[in-house]
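Asker: Generate coordinates for the sequence data below:
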Amino acid sequence: MTGKLRIMHVLPYHPLDSASIFSKRQISDLGKLGHENKVFFLRARFNVLSLMSQFKEFKRQVEAFDPDIIHAHYGTITAFFASCYRKKPFVVSFHGSDLNKKTNVNKFRNRVGRKLSTIAAKRAQLVFCVSESLRQQLEVKKEEAIVLPSGIDMEMFRPIDREACIDRLGLKAEVKYVFFNSNNPEIKRLDIATEAVSMLTDLNVELLSLNGNVAPDEIPFYLNACRCLLLCSDNEGSPMVIKEAMACNLPTVAVNVGDVVERISEVSNSFVVQQDAGVIAAKIRQIVEQNIERTNGRDALISQNLDSMQIIRIMEREYFRILGN
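Answerer: This is a model prediction of the structure:
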């Protein structure tokens, strides 16, 4: 495999820097390998006239940049939009809610989104899914699709002294914090997380709930300030926060969604539980009362080949494969 590629990436637009952060990091990693990248952000995704106008601009940018590959980093309308340019090899990455059934949108919109994902997958020369469970949701290309979780920057996500993190973030030293990602509170089930933690007031446990408004580079400090991670979502693709917690050797309490079991089944002091507030509370109580501090999650990540540069080299290899190099 030789040569450097020109890759046009298509991402759904969101004003927060943390949005699509894992795709943005993959693009950055491709740049570290010497490939040239250009990103097109799809803005208004539900207005036909706007989509037509954006496609004209997209076509202009593609023809000016002349990429070897167009890569859509999400399904539904984003991938369908990118797949409508038929003169370049097309790649799509599915991340979770683009194939999983969503409970926080109406059934018609859910059905249309999944149909657009199917059309995009059918047109693609290469399909990535971030977990095996997500690959099983594909209606086409199921056997050809490649399971490729997003990797972790092991230098950014690492164990850091808890007291130093609490001090840096201005948190309360006496509180036992539980990290929770609530950027989509209905799907993530903030209600269950809140109920579980409310059962632990005698231990001075509080939920440290982030909703996407924290700078991505600050997340390692929030994770390390906590006693454990909690994930109790209705569905996931391959939840990045699980791998981030593993890289920080942070104990985890999680329900069986996405690839959670595959990631943490061999990790010490990390637990797969029922989606029940009482069961979750009991496991968090165990972690706090037994003063469980760390796991072997970092070693597990390394053995699972989930370092970000290892992952991006697999993506690079597959790019070259579909180009015949």
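Asker: tell me the contacts of residue 159?
Answerer: With contact set as CB atoms under 8 Å, 6 or more residues apart in numbering, residue 159 has these partners: 224, 248-249, 294, 298. For every residue, glycine as well, the C-beta is placed using N, CA and C.
Asker: Now with 6 Å, please.
Answerer: Contact analysis of residue 159 by CB atoms under 6 Å, 6 or more residues apart in numbering lists 248-249.
Asker: Report whether residue 187 is found in a helix, as I expect.
Answerer: Yes: assessed by DSSP: H, G, I helix; E, B strand; the rest coil, residue 187 belongs to a helix.
Asker: How many neighbouring residues does it have?
Answerer: Neighbours of residue 187 under the rule other CB atoms under 10 Å: 20.
Asker: for residue 248, same thing?
Answerer: Residue 248, neighbours per other CB under 10 Å, totals 26.
Asker: Residue 221 is in contact with that one, correct?
Answerer: No: with contacts counted by CB atoms under 6 Å, residue 248 stays clear of residue 221, the gap being 9.8 Å.
Asker: And residue 27, which helix or strand is it part of?
Answerer: Assigned by DSSP states H and E, residue 27 belongs to helix 21-32.
Asker: buried sites along the next helix or strand after that helix?
Answerer: Sequence order places strand 36-42 as the next helix or strand after helix 21-32, per DSSP H and E. For strand 36-42, the neighbour count (16 or more other CB atoms under 10 Å) marks 37, 39-40, 42 as buried.
Asker: just stretch 274-282 next, same as before
Answerer: Judged by neighbour count (16+ other CB under 10 Å), stretch 274-282 contains these buried residues: 277, 279-281.
Asker: What lies in contact with it?
Answerer: The contact list for stretch 274-282 (CB under 6 Å, 6+ apart) reads 192, 195-196, 199-200, 232, 253, 255, 273.
Asker: Out of the buried residues of strand 36-42, which is nearest to residue 26?
Answerer: residue 37 (9.6 Å; CB to CB).
Asker: picking that back up, looking at the contacts of stretch 274-282, which two lie furthest apart in space?
Answerer: The most distant members of the contacts of stretch 274-282, if one measures by CB to CB, are 200 and 255, lying 17.9 Å apart.
Asker: Neighbour count: those two, which is higher?
Answerer: residue 255 (23 against 20).
Asker: where along the protein do the helices fall?
Answerer: Ranges of helices in the chain, per DSSP state H, are 21-32, 48-65, 76-83, 107-123, 132-135, 162-169, 185-188, 190-198, 219-224, 240-247, 260-264, 277-289, 297-303, 308-322.
Asker: Looking at these, spot the one closest to residue 93.
Answerer: When these are compared by CB to CB, helix 21-32 sits nearest residue 93, at 7.2 Å.
Asker: tell me the angle of the closest one relative to helix 240-247?
Answerer: Interaxial angle, helix 21-32 versus helix 240-247 (axes from the mean of the first three to the mean of the last three CA atoms, to 10 degrees): 60 degrees.
Asker: List the residues that contact residue 37.
Answerer: Residue 37 makes contact with 7, 27, 30-31, according to CB under 6 Å, 6+ apart.
Asker: now, among those residues, which is nearest to residue 290?
Answerer: Closest to residue 290, out of all of these and judged by CB to CB, is residue 27, at 41.7 Å.
Asker: Residue 160 versus the most centrally placed residue in the chain, what's the distance?
Answerer: Centroid-nearest residue in the chain: residue 240, 4.5 Å away (criterion: CA atoms, centre = their mean). Between residue 240 and residue 160 the distance, using CB to CB, to the nearest Å, works out to 18 Å.
Asker: Could you list the residues in contact with stretch 76-93?
Answerer: Stretch 76-93 is contacted from outside by 10, 12, 42, 45, 62, 69-73, 98, 113, 116-117, 119-120, 123-128, 322, using CB under 6 Å, 6+ apart.
Asker: do the same with stretch 111-129
Answerer: The contact list for stretch 111-129 (CB under 6 Å, 6+ apart) reads 75-77, 79-80, 83, 89-94, 98-99, 135, 139-141, 145-148, 318, 322.
Asker: swap the cut-off to 8 Å and go again
Answerer: Identification of contacts with stretch 111-129 by CB under 8 Å, 6+ apart yields 72, 75-77, 79-80, 82-83, 86, 89-94, 98-99, 101-102, 105, 135, 137-141, 144-148, 237, 315, 318-319, 321-322.
Asker: Report the rounded mean pLDDT for it.
Answerer: For stretch 111-129, mean pLDDT rounds to 94.
Asker: One more: stretch 151-161?
Answerer: pLDDT averaged over stretch 151-161 gives 95.
Asker: What residue spans form the domains of the protein?
Answerer: As recorded under automatic domain parsing, the domains making up the chain are 6-151+307-322, 162-303.
Asker: and the ones you listed, which one's lowest on average pLDDT?
Answerer: Mean pLDDT per stretch puts domain 6-151+307-322 lowest among the domains of the chain, at a mean of 91.
Asker: ok, now which ones touch residue 208?
Answerer: Taking CB under 8 Å, 6+ apart, we find residue 208 in contact with 171, 177-180, 222, 225-226.
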